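Here is my input, please return the structure:
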Amino acid sequence: MFGFALAALLAATPAPKAEPAEVAALRAQADAVIRAASAQRWFVNDTRWDLPAVRHTESGLRCLFQPGDTENKIIYVGHVTSGGGMGCISRPSGFSQTLTAVKIADGDTLDTVFTGSVRDLETAEARAYDGPRTVVRVEPAPGAPRLAEVRSGRYLVRRGDQDIFSLVSVALVDGWVIRQQLEAPAARAEDADLLAGVVMSTTLLDLAARKTAA
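Okay, here's the model as predicted:
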């Protein structure tokens with residue numbers, strides 16, 4: 001098992017300077033993703049310097065996309081105005097990822113949410129993944145609120161003639177269930193596990209920073 005402190009790494013990594021034309025091109029891609037889903041009511045363009053990005057205005061969830069990827073999508077989860085939510089599909093490092101924010105139902109806890117999130121994976125075709133893992137340790141800035149607890153499950157799912165690594169992580173943040181599912185070929189499970197941890201941790205850091213700034 002390998003671990004590292006994410007916040008320290010981020011603090012030591014300065015944002016590169018991007019040309020205005022490059023940023024404009026990335027913003028145009030993010031606008032196109034919003035329009036394709038008719039999601040202007042729920043998402044705004046939050047592209048900065050690196051990747052096309054959109055933000056769900058109700059939950060604060062920020063989604064990053066890969067430049068030029070036609071699989072970048074915004075998705076609806078249930079009925080967005082009555083207990084549902086929204087999210088995004090992307091392919092970081094070529095892996096398949098779904099990141100969503102759904103309103104917490106009355107009586108839900110982290111345990112019940114996690115159990116419901118992995119129910120479809122805990123089938124005869126899936127088994128627990130027991131290979132190498134990376135634990136991403138998040139260290140908020142001094143005085144900042146603690147980040148939400150994350151519950152994760154790792155599985156190998158048999159699809160056709162190959163095993164797929166599938167990771168599901170959930171956290172409860174200010175009335176929303178933040179859920180991540182990332183899938184990759186089993187041979188790249190360790191890489192996918194690290195990437196998933198970084199994505200989920202930076203997502204929670206971003207949500208906490210918005211709350212602190214509000």
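
Strands of the chain, start to end?
For the chain, applying DSSP state E gives strands covering 2-5, 43-45, 53-56, 62-64, 73-77, 85-90, 96-103, 126-128, 134-137, 151-159, 162-173, 176-185.

Redo those strands as CSV? Include mean neighbour count and mean pLDDT.
C-beta: built from backbone N, CA, C; applies to glycine. As requested, those are exported to CSV (neighbours: other CB atoms under 10 Å; pLDDT from 0 to 100):
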stretch, mean neighbour count, mean pLDDT
strand 2-5, 12, 43
strand 43-45, 18, 98
strand 53-56, 22, 97
strand 62-64, 23, 97
strand 73-77, 17, 95
strand 85-90, 23, 96
strand 96-103, 21, 96
strand 126-128, 14, 88
strand 134-137, 16, 74
strand 151-159, 17, 92
strand 162-173, 21, 95
strand 176-185, 22, 96
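
For L204, which of those is the nearest?
Nearest to L204 among the strands of the chain is strand 162-173; the distance by CB to CB comes to 6.2 Å.

which neighbours does that closest one have in its sheet, and in what orientation?
Sheet pairing of strand 162-173 (DSSP bridges) gives strand 151-159 (antiparallel), strand 176-185 (antiparallel).

What distance do you get for K73 to T98?
As judged by CB to CB, to the nearest Å, K73 and T98 stand 9 Å apart.

shared neighbours of these two, anything?
C88, I89 (CB atoms under 8 Å, 6 or more residues apart in numbering).

sorry, back to before: output the strands of the chain as JSON lines; include the columns distance to L205.
Shown next, in JSON lines, are those (distance: least, CB to CB, whole Å):
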{"stretch": "strand 2-5", "distance to L205": "12"}
{"stretch": "strand 43-45", "distance to L205": "19"}
{"stretch": "strand 53-56", "distance to L205": "14"}
{"stretch": "strand 62-64", "distance to L205": "10"}
{"stretch": "strand 73-77", "distance to L205": "22"}
{"stretch": "strand 85-90", "distance to L205": "18"}
{"stretch": "strand 96-103", "distance to L205": "14"}
{"stretch": "strand 126-128", "distance to L205": "28"}
{"stretch": "strand 134-137", "distance to L205": "11"}
{"stretch": "strand 151-159", "distance to L205": "17"}
{"stretch": "strand 162-173", "distance to L205": "11"}
{"stretch": "strand 176-185", "distance to L205": "12"}
